[in-house]
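K.L.:
have a look at this prediction, sequence included:
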Amino acid sequence: MLSRVNGLHAGSIVGVLKSRLDSALRGVDDHSDHPTMFCHHEMEARDVTKDSMAPPGWSGCGAVSAFDQAPVINRVETFSREFVAFVRVSASDGTGGWGQVSPYHADISAQVLHRQVVPWALGQPASDIAALVNSIPEHEHKFPGSYLRRALAGLETALWDRAGKIQQKSVCELLGGTPGPIRAYGSSMRRDITAQAEAERLVALRQQFGFDAFKFRVGAECGHDVDQWPGRSEEIVPKVRRALGPDVSLLVDGNGGFSPSRAITLGQMLEDEGVEHFEEPCLYWELEQTREVTQALSLDVTGGEQDCDLATWRRMVEMPAVDIVQPDVCYVGGMLRAMKVAKMAQLQGLPCTPHCANLSMVTLFTMHLLRAIPNAGKYLEFSIEGPEYYPWQEGLFVESPFTVNEGQVTVSDKPGWGVEIHPDWLADTTYQVSELPH
């Protein structure tokens, strides 16, 4: 049953917003610490171009004064459960769009959205996505961590959906790409499975969906060289290779399980078995450790899914710590920040194979991203886990956008993200709304 929790609908924040609105109407340039909804928009638009956060060819609504005809954001709603929270953004012209904060503790990210993101967005031109993505982390500079970016992704992705619906284009087209097919790799999330059982289910999925690439797990999460159980990593790699044969691309994920020396030893075995992708071999925040592994092995060492700070990304790419970058659209703060990471990598000659480990909207976002960037990696991560492992990803959409045919998924040419959130799912959520005063 849907329950309602008011966000910024009443109280002191709305009073601040009304004050800012009145000041803007009077032309007052007030540099207080409260959320300033309308001042300095022309400056922000120029800064976006200078910082190259906007995609090529994207002009938004241009550098407009505060009360030219650009519609402004006047309402932000969230529909939350523990693992998933959808965001609906509405503008003063009656248009709107849907997005999603990052999965996992999504109900907390929704609270952060209403508390620390929305106050800087209400009253701002709804088409100036890049300006908001640039300015909100600066306004909230005392909170440089993951939750702010997870929340920001919800606002940003909803605004892209709105833009696509207005222009009758898919998001990937707005970002400079084209709809079409993407090769996918079947991605296992499980370590509680024997080598034999994992090999058998991957063979079955290949036969059913035509996947020609799979990723499975080695080591243990942050395992400090202790395997999920003794000998599992050494057993599962050859077992999967023999079961699938030499023509299937194999990828493994260490989830930070190894020291550099142990990762290098295991990596040499992976190379012998023709594994082409070794993800997050060491603790992700120990970039020098990951670089040591990258330099020692010939297969691709990959990482970055956890990282949300662009300065860390810049350092990671310049080292380089990895051969392939793996930003997560929702963890990093949305499409534009993910594209900025991809651009950093492109300048260093590195491909981008993003992280998207469940079938919520994050995989849909990633599909559009891969069809829009020039250095897209060879495949899309596509979770093979169903309701027995991820029950919370069931029933999200009226029609699933994740049909797999001959190992490929397709970005449609429908406007925006091209999906409708299922009303039955929305009806059983915690509802919060933040809006400008009527």
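P.N.:
Arrived safely, thanks for sending.

K.L.:
run through the strands of this protein in chain order.
P.N.:
Secondary structure of the chain, counting by DSSP state E: strands at 3-6, 73-80, 85-91, 96-100, 180-187, 213-217, 249-253, 275-279, 300-303, 324-325, 380-383, 408-411, 430-435.

K.L.:
and of those, who's closest to residue 235?
P.N.:
strand 213-217 (11.7 Å; Cβ to Cβ). The C-beta positions use only the backbone N, C-alpha and C, and glycine is treated the same way.

K.L.:
flag every buried residue along the closest one.
P.N.:
For strand 213-217, burial by neighbour count (16 or more other Cβ atoms under 10 Å) applies to 213-217.

K.L.:
now for those residues: which two are most distant?
P.N.:
Pairwise distances among the buried residues of strand 213-217 were taken by Cβ to Cβ; the largest, 15.3 Å, belongs to 213 and 217.

K.L.:
find the residue at the geometric middle of the chain.
P.N.:
With distances taken as Cα atoms, centre = their mean, residue 329 lies nearest the centre of the chain, 1.7 Å away.

K.L.:
domain boundaries for this structure, per the record?
P.N.:
Following automatic domain parsing, one gets these domains for the chain: 3-168+422-435, 173-411.

K.L.:
between the ones you listed, which gets the lowest average pLDDT?
P.N.:
Lowest mean pLDDT within those: domain 3-168+422-435, a mean of 76.

K.L.:
what about residue 285, distance to residue 138?
P.N.:
Residue 285 is 24 Å from residue 138, where distance means Cβ to Cβ, to the nearest Å.

K.L.:
among the two, which residue is more densely surrounded?
P.N.:
Between residue 285 and residue 138, counted using other Cβ atoms under 10 Å, the more crowded position is residue 285 (11 against 8).

K.L.:
what sits against the closest residue to the more buried one other than its chain neighbours?
P.N.:
Once flanking residues are discounted, residue 285 sits nearest to residue 306: 8.0 Å by Cβ to Cβ, 6 or more residues apart in numbering. With contact set as Cβ atoms under 8 Å, 6 or more residues apart in numbering, residue 306 has these partners: 146, 284-285, 328, 331.

K.L.:
which of those are buried?
P.N.:
Among those, those buried by neighbour count (16+ other Cβ under 10 Å) are 146, 284, 328, 331.

K.L.:
any idea how far residue 256 is from the first one?
P.N.:
So that's residue 146. Per Cβ to Cβ, residue 146 is found 16 Å from residue 256.

K.L.:
now the third one
P.N.:
Counting by Cβ to Cβ, the gap between residue 328 and residue 256 amounts to 15 Å.

K.L.:
residue 308: neighbour count?
P.N.:
Burial of residue 308 is recorded as 27 neighbouring residues (other Cβ under 10 Å).

K.L.:
so how far is stretch 98-111 from its chain's centroid?
P.N.:
11 Å (Cα atoms, centre = their mean, to the nearest Å).

K.L.:
enumerate the positions of that stretch that are buried.
P.N.:
Within stretch 98-111, the residues scored as buried using 16+ other Cβ under 10 Å are 98-104, 106-111.

K.L.:
will you turn those into a markdown table that also has distance to residue 342?
P.N.:
Shown next, in a markdown table, are the buried residues of stretch 98-111 (distance: Cβ to Cβ, whole Å):
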| residue | distance to residue 342 |
| --- | --- |
| 98 | 24 |
| 99 | 19 |
| 100 | 20 |
| 101 | 21 |
| 102 | 18 |
| 103 | 21 |
| 104 | 23 |
| 106 | 25 |
| 107 | 30 |
| 108 | 28 |
| 109 | 23 |
| 110 | 27 |
| 111 | 30 |
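
K.L.:
in helices, which of those residues fall?
P.N.:
106-111 (DSSP state H).

K.L.:
go through the strands of the chain and name the closest to residue 373.
P.N.:
Nearest to residue 373, of those and by Cβ to Cβ, is strand 324-325 at 10.7 Å.

K.L.:
pull the residues that contact the closest one.
P.N.:
For strand 324-325, the surrounding residues in contact (Cβ under 8 Å, 6+ apart) are 277, 300-304, 313, 316-317, 341-342, 344-345, 350-353, 377.

K.L.:
what's the closest of the ones in helices among the buried residues of stretch 98-111 to residue 242?
P.N.:
Of all these, residue 242 sits closest to residue 106, with 39.7 Å by Cβ to Cβ.

K.L.:
now do the contacts for residue 168.
P.N.:
For residue 168, the contact set (Cβ under 8 Å, 6+ apart) comprises residue 415.

K.L.:
Throw the strands of the chain into a markdown table and include distance to residue 129, thanks.
P.N.:
Shown next, in a markdown table, are the strands of the chain (distance: least, Cβ to Cβ, whole Å):
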| stretch | distance to residue 129 |
| --- | --- |
| strand 3-6 | 26 |
| strand 73-80 | 10 |
| strand 85-91 | 10 |
| strand 96-100 | 11 |
| strand 180-187 | 23 |
| strand 213-217 | 32 |
| strand 249-253 | 32 |
| strand 275-279 | 30 |
| strand 300-303 | 28 |
| strand 324-325 | 22 |
| strand 380-383 | 23 |
| strand 408-411 | 19 |
| strand 430-435 | 18 |
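
K.L.:
so which of those is the most surrounded?
P.N.:
strand 324-325 (a mean of 26; mean count of other Cβ atoms under 10 Å).

K.L.:
which positions in the longest helix seen in the chain come out as buried?
P.N.:
Secondary structure of the chain read by DSSP H shows that its longest helix is helix 146-167. Using 16+ other Cβ under 10 Å as the test for burial, helix 146-167 gives 146-166.

K.L.:
from the chain's centre, how far out does it sit?
P.N.:
So, by Cα atoms, centre = their mean, the centroid of helix 146-167 is 10 Å from its chain's centroid.

K.L.:
then stretch 379-393?
P.N.:
With Cα atoms, centre = their mean as the basis, stretch 379-393 stands 16 Å off its chain's centre.

K.L.:
could we number from 27 for the rest of this?
P.N.:
Will do, 27 is the new start, and the previous item becomes stretch 405-419.

K.L.:
gap between the two ends of it?
P.N.:
One end of stretch 405-419 sits 22 Å from the other (Cα to Cα, to the nearest Å).

K.L.:
what lies in contact with that stretch?
P.N.:
Around stretch 405-419, the neighbours that count as contacts under Cβ under 8 Å, 6+ apart are 107-110, 208-216, 227, 231, 237, 239, 241, 275, 379-386, 389, 392-393, 396, 420, 428, 430, 435.

K.L.:
for residue 432, give me phi and psi.
P.N.:
Note on residue 432: its backbone torsions stand at phi 50, psi 40 [degrees, to the nearest 10].
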